[in-house]
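Participant: Sequence first, predicted model second:
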Amino acid sequence: MLPIPSLLRSFQEHYDDLLKFLTRRMNDRQRAADVAQDTYLKLLKVEQQALQVQNDRGFIFRVAGNLAIDTLRREQRLAANLGEAPEHGEAVDPAPAPEAVLLATERLEVLGQALQQLSDNARQALLLNRLEGLTQAQIAVRLGVSESMVAKYIGQALRHCRDWLQQHHE
């Protein structure tokens with residue numbers, strides 16, 4: 001039996017998270033599963049080309065996100081071609097509904113409060129990882145701590161933010 005290449009192994013390890021990510025993006029679990037399958041096929045091609053990937057998980061999610069966007073655009077074009085689009089005289093506002101904007105703004109404010117409750121290192125580790133895409137090793141160098149400490153900071157920050165959102169946003 002041949003060993004599974006690291007990118008495909010990483011895909012298998014992160015499949016549940018990937019499916020949740022795609023389901024949120026596509027609003028349909030079945031379509032998300034189809035895109036996940038397309039992602040796997042795309043990763044097979046990458047493995048066959050022996051391309052070097054720095055961050056397997058990040059790469060997989062980027063590929064899946066791009067495929068989801070392509071799928072949604074293709075579906076929109078198809079719907080427009082089949083006449084399912086609104087009447088030509090009717091304007092469509094692409095902006096989210098005002099209620100959605102309000103809820104998102106409130107949730108963002110609550111999340112900002114949660115971030116302020118964290119220690120400086122935990123907040124920085126989380127933001128560097130999630131917003132700037134730095135690896136734990138890169139964050140460790142920047143903060144002058146061990147990689148395991150960075151992992152603890154990020155885990156602590158994520159748990160705190162999750163708990164804070166549940167507590168203050170129900």
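Facilitator: Alright, I've got the coordinates. Residues are numbered from 1 along each chain as shown.
Participant: if I look at the residue positioned nearest the centre of the chain, how far off is residue 152?
Facilitator: Most central residue of the chain, judged by C-alpha distance to the mean C-alpha position with CA atoms, centre = their mean, is residue 21 at 5.5 Å. Distance of residue 21 to residue 152, computed by CB to CB, to the nearest Å: 24 Å. In this view, the C-beta of every residue, glycine as well, is placed from N, C-alpha and C.
Participant: what bits of this protein have low per-residue confidence?
Facilitator: Within the chain, the ranges that satisfy pLDDT under 70 run 1-4, 50-51, 83-93, 169-170.
Participant: The longest helix seen in the chain - contacts with which helices or strands?
Facilitator: Longest helix in the chain by number of residues (criterion: DSSP state H): helix 56-81. Helix 56-81 sits against helix 6-13, helix 15-26, helix 29-48, with contacts defined as 3 or more CB pairs under 8 Å, 6 or more residues apart in numbering; DSSP states H and E.
Participant: what's the neighbour count on the nearest residue to residue 5 once chain neighbours are set aside?
Facilitator: The shortest distance from residue 5 to any non-neighbouring residue, by CB to CB, 6 or more residues apart in numbering, is to residue 47 (4.5 Å). As a burial measure, residue 47 scores 16 neighbours (other CB atoms under 10 Å).
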